[in-house]
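Asks: Predicted model follows, preceded by the sequence.
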2 protein chains.
Amino acid sequence: MTQPFSIAIAGLGTVGSGVLALLARNGDLIAARAGRPVVIAAVSARDRLRDRGVPLSGIRWYDDPEAMVADPGVDAVVELIGGADGVARQVVQAAIAAGKPVVTANKALLALHGVELAAWAEQRHVPLAFEAAVAGGIPVIKLLREGLAGNRIERIAGILNGTCNFILTTMREGGGAFADVLAEAQRLGYAEADPSFDIDGIDAAHKLAILAALAFGRPVSFESVHVEGIRCISPLDVAFAAEFGFRIKLLGLAQQTERGIAARVHPCLVPEGSSLAGVEGVFNAVVAEGDFVGRVMIEGRGAGAGPTASAVVADVIDVARGRTTPVWGAASGALSDAPSAPMSDHAGCYYLRIMVTDRPGVIADVTAALRDEGVSLESMLQRGRAPGEAVPVVLVTHETNETHMGAALARIALLDAVQEAPTLIRIEQI
Amino acid sequence: MTQPFSIAIAGLGTVGSGVLALLARNGDLIAARAGRPVVIAAVSARDRLRDRGVPLSGIRWYDDPEAMVADPGVDAVVELIGGADGVARQVVQAAIAAGKPVVTANKALLALHGVELAAWAEQRHVPLAFEAAVAGGIPVIKLLREGLAGNRIERIAGILNGTCNFILTTMREGGGAFADVLAEAQRLGYAEADPSFDIDGIDAAHKLAILAALAFGRPVSFESVHVEGIRCISPLDVAFAAEFGFRIKLLGLAQQTERGIAARVHPCLVPEGSSLAGVEGVFNAVVAEGDFVGRVMIEGRGAGAGPTASAVVADVIDVARGRTTPVWGAASGALSDAPSAPMSDHAGCYYLRIMVTDRPGVIADVTAALRDEGVSLESMLQRGRAPGEAVPVVLVTHETNETHMGAALARIALLDAVQEAPTLIRIEQI
């Protein structure tokens, strides 16, 4: 057996501890697959004394992760600190500067600084691997960047945030309110104390930005992703969606359009029998449609110590074997300069729920507003009667676009009988 | 841009023509992803005059594929002739001997001669890539060998033959008899004139042997795969399965057991709501369960010119980029010597359909035979009455094993009232 491959790990939280456990448990097969033993030479974390379930004896400890990067006994650096800036970014930059391969699970870093980091890594011929940054244990980076590399990708769609998918699944199964289910997710450890990063769609948007860059062969562009979260989803919407034959999912979607690459994260109604509708709880899934391969879907656990460690170690094995790929799938100079299509270009069908005072003429006013903006209806549902009180009216439109829907919504919001801001959810056939 | 990467293609049937079309249509993005242009320097096929939809001008033609391999302008050889022996094998051996990387879609070659070929390729440091050999466009070789490389795989299961899945799906949807639906599949081009390779499970077994080798890190072993096909499935079984909440699928299954690696291809009853049950028609899918990643499933088109060409070109890009992996995921010397578990070790639940003469005491005799071999029943269904004629009796067992089931079947077959060989289908919770 040749020289061991010595890695240093910066950050020993859930994922870092998972990587320690994985390398300890499966060291023999990892050595066989990497072509040499993978050993942890050094680690760095905030709290030296915390029990991580795996002994750290024989591993050099650094309080300063940048000093660890400089350790001459370290061949590659695994960054598991997280966050787009601060220490995580410094560690990655220092490793690239030192010519040491980097493996990271940091989606925010890649989504926000990926163009700059890719250019540096390329200049210095340093591999920068990030399978764990998207969809946890699902090797979707490898799927898009290598497995489907011969295809022009037409569309990708994914359930990219396990917290949101758990909340939406639980709301559907139990009928609970958003706030109650969120509290339950927090109790179970599926949602953070400050959940906004997940439930407002930011985390999914980071991941979608990365996937879209790989799928369409262009530099990552987080700021061009349209982002909406799931706070607006009520049990009423979940129930009405089911009545119309749909489930509600937070999707990340990117596609090639005539006006450029459209990338968006928002709640969607997806047909009940579709494959993404069946992806429930904390599972993630990604669908890719290529011009030669057709439709491919991959599904698995999108978070957690084990799955994320699996992705990190796959990258480590690739790097140890010398299997490397440019960050965005091609050299910076060979990437596409396709523009981003604005969300205002989006066309599709819409679900619309309006809370109105139950009195004669309201439906006529609402449908007139839609008609006046050229929006035609596929179906309408008004359930229950409560004269003088608020009742939901649900409408499903034929294909129209954001501009017309926006104008119609503005008209509807002005109607006296409308009691709160309408809820609008886009319908996706995927 | 650096030197082009010049490939030669041996075999221009459906897949070969697909590769020509793919390289012609997506040459720009393939060049970006491969780091250099991929050009077809030479081709060889039986019929020079056949129209393949893509002009062959500027490409050197060889009647003799081995002479093509020797062409000094050829950097790598793509073998798309097929068949475990004969010309295909000679071409691959000649390329390895000449030190030229090989990309092949040949599952039979890999399943039957993969150990020997891997040893040669390793000795000569020549990449031998075969993504297209299993599940068409689905990059499942890459998934198992690289994407999940950190995991000890506990089980894999797959729908690996599109012909069988099309037949079973069509039987379920339309209620047709096996022979009629097979004829329809032949008319549609989904089944060969001689269909036995597909419907008797051989093709799926070749693919399963390859996947099991990768999943469990051991040399490929086709002869240790237990193989049964779908000829025995009747519309009665399809209907009864549905009544019990199952669908019938031809699965390839491999798992780590206490006595070694068990690998088998046979029809299975899978629960209607399971993800593999939802994979219909010509689609393929593979589920892998790893100790850290948990369950991962990938689904897509398992055959056809476009999907298979997608897999071939992904391999070509890998080879052009210098991303290579030992054939079975690790060097020959580092592979596991885990034994194969015999089918007689298999334990599980069984579906059993018996055609019996409708007369008093028959059920008592059948159930006594099962009881005497220690097989206990979960449920039983006898539908319709036709005194003196043959009626189906369907039984679902609790967990038992092959030995007990075999002994019980032998007893049942001896009963006077039993009119034909019983149909036995294993039940899989996957």
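Replies: Okay, I see it.
Asks: buried sites along stretch A:145-159?
Replies: Neighbour counts using 16 or more other C-beta atoms under 10 Å in any protein chain shown place A:145-153, A:155-159 of stretch A:145-159 among the buried residues. C-beta here means a position set from N, CA and C on the backbone, and glycine is covered the same way.
Asks: Farthest pair within those residues?
Replies: Pairwise distances across those peak at 25.7 Å for A:150 and A:159 (criterion: C-beta to C-beta).
Asks: what about the residue of the stretch 301-430 of chain A at minimum distance from chain B, neighbour count?
Replies: Per C-beta to the nearest C-beta, residue A:313 is where the stretch 301-430 of chain A lies closest to chain B, at 3.2 Å. By the measure other C-beta atoms under 10 Å in any protein chain shown, the count of residues near residue A:313 is 30.
Asks: Let me see the contact set for the residue nearest to residue A:26 when sequence neighbours are not counted.
Replies: Spatial nearest neighbour of residue A:26, chain neighbours left out: residue B:152 (5.7 Å); criterion: C-beta to C-beta, 6 or more residues apart in numbering or on different chains. When contacts are counted by C-beta atoms under 8 Å, 6 or more residues apart in numbering or on different chains, residue B:152 is found next to A:25, A:26, A:29, B:256, B:290, B:291.
Asks: ok, and what's touching stretch A:38-58?
Replies: Here stretch A:38-58 makes contact (C-beta under 8 Å, 6+ apart) with A:4-13, A:16-17, A:20-21, A:23-24, A:27, A:30-31, A:59-65, A:68, A:71, A:73-75, A:313, A:316-317, A:320.
Asks: taking those one by one, which sit in strands?
Replies: A:5, A:6, A:7, A:8, A:9, A:10, A:60, A:61, A:62 (DSSP state E).
Asks: quick one, what contacts the last one?
Replies: Under the criterion of C-beta under 8 Å, 6+ apart, the contact list for residue A:62 reads A:8, A:42, A:43, A:44, A:68, A:71.
Asks: For the fifth one, give its distance to residue B:5.
Replies: According to C-beta to C-beta, to the nearest Å, residue A:68 and residue B:5 sit 39 Å apart.
Asks: what does the stretch 51-200 of chain A put close to chain B?
Replies: For the stretch 51-200 of chain A, the residues in contact with chain B (C-beta under 8 Å from any C-beta of the partner chain) are A:131, A:137-139, A:142-143, A:145-152.
Asks: Please identify which pair of the contacts of residue A:62 lies farthest apart.
Replies: The widest separation within the contacts of residue A:62 (C-beta to C-beta) is 10.8 Å, between A:43 and A:71.
Asks: Which one of these two is surrounded by more residues?
Replies: Neighbour totals were compared for residue A:43 and residue A:71, and residue A:43 leads with 25 against 18 (other C-beta under 10 Å).
Asks: Extract the C-alpha trace of whatever helix or strand the more buried one lives in and format it as PDB.
Replies: According to DSSP states H and E, residue A:43 maps onto strand A:38-44. Presented in PDB, the C-alpha positions along strand A:38-44 are these (Å, rounded to 0.1, in the frame of the first residue of the first chain):
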ATOM      1  CA  VAL A  38      -7.100   7.900   4.500                       C
ATOM      2  CA  VAL A  39      -6.000   9.100   7.900                       C
ATOM      3  CA  ILE A  40      -7.000  12.100   9.900                       C
ATOM      4  CA  ALA A  41      -3.800  14.000  10.700                       C
ATOM      5  CA  ALA A  42      -5.300  17.000  12.300                       C
ATOM      6  CA  VAL A  43      -8.600  18.600  13.500                       C
ATOM      7  CA  SER A  44      -9.700  22.000  14.600                       C
END
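Asks: That one pairs with which strands?
Replies: If you go by DSSP bridges, strand A:38-44 pairs up with strand A:5-10 (parallel), strand A:60-62 (parallel).
Asks: In a strand, residue A:289, correct?
Replies: Yes: membership of residue A:289 in a strand is supported by DSSP: H, G, I helix; E, B strand; the rest coil.
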